[in-house]
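K.L.:
Predicted model and sequence below, questions to follow.
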Amino acid sequence: MVKLFNTLTRSKEPVEGSSLRIYSCGPTVYNYAHIGNFRSYLFADVLNRTLKLAGYQVEHAMNLTDVDDKTINGAIELTKKEPGKYADLKSALAAYTAPYTEAFFADLKTLNVIKFDHHPRATDYIPAMLDLVERLIQNGVAYEQDGSVYYRIGEKKDYGKLSRVDLEKNKTGTRYNTDEYDKDDVRDFVLWKAESKDGVHWHSAHGDGRPGWHLECSAMIHEIFKGGIDIHTGGVDLIFPHHENEIAQSEAGYGAEFVKHWVHCEHLLVDNRKMSKSAGNFYTLRDLLQQGKRPEVIRYFLLSAHYSQKVNFTAEALHQAEAGVEKFYSLWQRLTRVKKNSAQADAEFAKTSAEARAKFTAELCDDLNTPRALAVVHEYIRAANAFADARQDVVAEADADEMMQTLRHFDKVLGLLDLIPKTGVSGDLQALLDERNAARAAKDFKRADELRDQLLKAGYKILDTKTGSHLEKV
RNA sequence: GGUGUCGUAGCCAAGUGGUAAGGCAGAGCUCUGCAAAAGCUCCAUCGCCGGUUCAAAUCCGGCCGACACCUCCA
């Protein structure tokens, strides 16, 4: 049974049921996603993987926001750059968002995020959104004003239950700019925005317009899951107003319970500061890869802190993550080359392994405690290395299997083994290694050390073991 | 102004009433021709002050210090 902290109740609650419907807020495809975004998507991945490891059936959707102010501005820029190329602004919008959508999927793959079942795009769900708008008007909680439709917050008695924002108090001392709005109440939020024929627009009973930001998630959840969902995830910044508004419109429009479990992931800081373009500490995944950072290291780094805590992205932290990944890989590679015999399995070690697997799962089931899960992994790595040390790298096949099976079990959530760098050792390198070992056997240590340095420069370090020498990528 | 989060060793980071997980870095040792890798050993009383309790990092109050949301934002 997995337990998750529920933002709605501010307490850890069990996830009931065996078949779960999950919706995670995904990217707005107006740019390449940054490392902070990926924390959130990786969090969704860890949730997904953990639930499956714990035996749940999972149907998981992550949306793509492809129509909003930012994407529309991008589309307008496109048409300015290449006048006449696009039939209308809507097709320019599609052209503008396509490469970022593609990049997003590529980036998820780079980080070894398991594919989600659905990736609904807002523009594919306009009818569903308009349907929700009509329901809200019929139910008396939304009203039209100059071609736009607004949600009347005053009608929702428990508005604010998720974020615990008290709009009555917030009304004064506020940053709302009243002049910009034609709404009955400044706090009301827009469901449907009137838009001229020149803008990105769809036809509706209220004239031409386009959806407000909050609308898509409610409509898509309703369409895809035909009802409420079990878990909804997103970054903490979405709690208010986005998720609060989603709750309001979904509950008022569809009636039934909307979301059982709200789970939010904290922000990532870079060098202890909020990441922002103006501060010059804004990194996309692509930027980092270009700097030579490895995806598996980024993945490990993001797992090393609990999702509910801020995590600080620094060069030092990344270095520490790299060391952790190396330890994991290095044991895996050791196991692939260990000499095997047909001796009986070591019962005590089998027990250690089984306990480690169980503990790993248990830690994750406890509100996705990845730091504790990693602690279990490290303890196991130590035990396994000690086991192999004691047997001078000659172990029973059954024991080797046990160890690999355990690492694979960890990897069902860690997702690191798929990203292991290919260690194809060329014949040239192998020849150098052989020559070095021959020199060493002949006690020509000067020559042996020269060759070792040469290999290191080529990017390989030598591991001398009882069963022979091996090269491992640095 | 409102709401909320956080402050644990040089660094990263768990633990939320029973006497401080794990990792990185560092030191010593084993192994090694020397190294590397691996293993073993060592390395903190939890921002400050007060309170509750047999017992507090963990609960309560105050203070100090970071930060987030309230506006597009993962």
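P.N.:
Received it, and whenever you're ready, just let me know what you need.
K.L.:
Name the surrounding residues that touch the helix or strand hosting A:R286.
P.N.:
Using DSSP states H and E, A:R286 maps to helix A:285-290. Here helix A:285-290 makes contact (C-beta atoms under 8 Å, 6 or more residues apart in numbering) with A:32-35, A:38, A:103, A:107, A:110-111, A:295, A:298. Backbone N, C-alpha and C define where each C-beta goes, glycine included.
K.L.:
With neighbour count and secondary structure added, can I get those in TSV?
P.N.:
Converted to TSV, the contacts of helix A:285-290 look like this (neighbours: other C-beta atoms under 10 Å; DSSP: H, G, I helix; E, B strand; the rest coil):
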residue	neighbour count	secondary structure
A:Y32	18	coil
A:A33	21	coil
A:H34	21	strand
A:I35	22	helix
A:F38	27	helix
A:A103	18	helix
A:D107	21	helix
A:T110	17	helix
A:L111	18	coil
A:P295	19	helix
A:I298	25	helix
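K.L.:
farthest-separated two in those residues?
P.N.:
A:A103 and A:I298 (16.0 Å; C-beta to C-beta).
K.L.:
The helix holding A:R286 and RNA strand B, any residue contact?
P.N.:
No - Helix A:285-290 lies apart from RNA strand B when judged by C-beta under 7 Å from any atom of the strand; the minimum separation is 12.8 Å.
K.L.:
Measure how far that helix is from the centre of its chain, please.
P.N.:
16 Å (C-alpha atoms, centre = their mean, to the nearest Å).
K.L.:
low-confidence ranges in the stretch 201-350 of chain A?
P.N.:
A:278 (pLDDT under 70).
K.L.:
Next to RNA strand B, which bits of it? Give me the list.
P.N.:
So the stretch 201-350 of chain A meets RNA strand B at A:213, A:234-242, A:265-268, A:272-275, A:304-306, A:309-312, A:314, A:316-317, A:319-320, A:323-324, A:326-327, A:330 (C-beta under 7 Å from any atom of the strand).
K.L.:
before we move on, what SS does A:V425 have?
P.N.:
Here A:V425 is coil, with the state taken from DSSP: H, G, I helix; E, B strand; the rest coil.
K.L.:
What is the burial count for it?
P.N.:
Neighbour count for A:V425, taken as other C-beta atoms under 10 Å: 15.
K.L.:
Could you measure from it over to A:K473?
P.N.:
Here A:V425 is placed at a distance of 9 Å from A:K473 (C-beta to C-beta, to the nearest Å).
K.L.:
intersection of neighbour lists for the two?
P.N.:
Joint contacts of A:V425 and A:K473 (C-beta under 8 Å, 6+ apart) are A:Y460.
K.L.:
Confirm A:G17 sits in a helix?
P.N.:
No - A:G17 is assigned coil when assessed by three-state DSSP, not a helix.
K.L.:
In this structure it contacts A:G228, no?
P.N.:
No - A:G17 is beyond contact range of A:G228, at 11.9 Å (criterion: C-beta atoms under 8 Å).
K.L.:
Tell me which of those two has more neighbours.
P.N.:
Taking neighbours as other C-beta under 10 Å, A:G17 and A:G228 compare with A:G228 leading, 18 against 11.
K.L.:
In contact with the residue in the stretch 1-150 of chain A that RNA strand B sits nearest to, which residues?
P.N.:
For the stretch 1-150 of chain A and RNA strand B, the shortest gap (C-beta to the nearest atom of the strand) falls at A:G36, measuring 2.6 Å. By C-beta under 8 Å, 6+ apart, the contact set of A:G36 is A:235, A:267-268, A:275.
K.L.:
Of those residues, just say which sits nearest to RNA strand B.
P.N.:
Nearest to RNA strand B, judged by C-beta to the nearest atom of the strand, of the contacts of A:G36 is A:G235 at 1.6 Å.
K.L.:
neighbours around the closest one, how many?
P.N.:
Quick note: A:G235 (other C-beta under 10 Å) scores 19 neighbours.
K.L.:
now swap in A:D158 and tell me
P.N.:
Around A:D158 there are 9 other residues, counting by other C-beta under 10 Å.
K.L.:
do A:L136 as well
P.N.:
With other C-beta under 10 Å as criterion, A:L136 counts 27.
K.L.:
what about it, which helix or strand?
P.N.:
Using DSSP H and E, A:L136 sits within helix A:126-138.
K.L.:
Counting by contacts, list what that helix packs against.
P.N.:
In terms of contacts (3 or more C-beta pairs under 8 Å, 6 or more residues apart in numbering; DSSP states H and E), helix A:126-138 is packed against strand A:142-145, strand A:148-151, strand A:189-194, helix A:215-225, helix A:244-254.
K.L.:
residues in contact with the helix or strand following the fourth one?
P.N.:
Downstream of helix A:215-225, the next assigned helix or strand under DSSP H and E is strand A:229-235. Where contact means C-beta under 8 Å, 6+ apart, the residues beyond strand A:229-235 that reach it are A:4, A:15-17, A:20-25, A:36, A:40, A:43-44, A:47, A:221, A:242-243, A:246, A:258-267.
K.L.:
quick one: A:R299 and A:L111 touch, right?
P.N.:
Yes - in this structure, A:R299 is within contact of A:L111 by C-beta under 8 Å, at 5.4 Å.
K.L.:
list the residues that contact both of the two?
P.N.:
Common neighbours of A:R299 and A:L111, using C-beta under 8 Å, 6+ apart, are A:L42.
K.L.:
which residues are contacting stretch A:309-317?
P.N.:
A:35, A:39, A:266-272, A:275, A:283, A:301-302, A:304-305.
K.L.:
List just the nearest of the contacts of helix A:285-290 to A:Q454.
P.N.:
Using C-beta to C-beta, A:P295 comes nearest to A:Q454 of these, at 28.8 Å.
K.L.:
Flag every residue of the stretch 351-474 of chain A that's near RNA strand B.
P.N.:
Residues of the stretch 351-474 of chain A lying near RNA strand B (C-beta under 7 Å from any atom of the strand): A:367, A:369, A:371-372, A:374-375, A:378-379, A:381-382, A:385-386, A:388-389, A:440, A:445, A:448-449, A:452, A:461-465.
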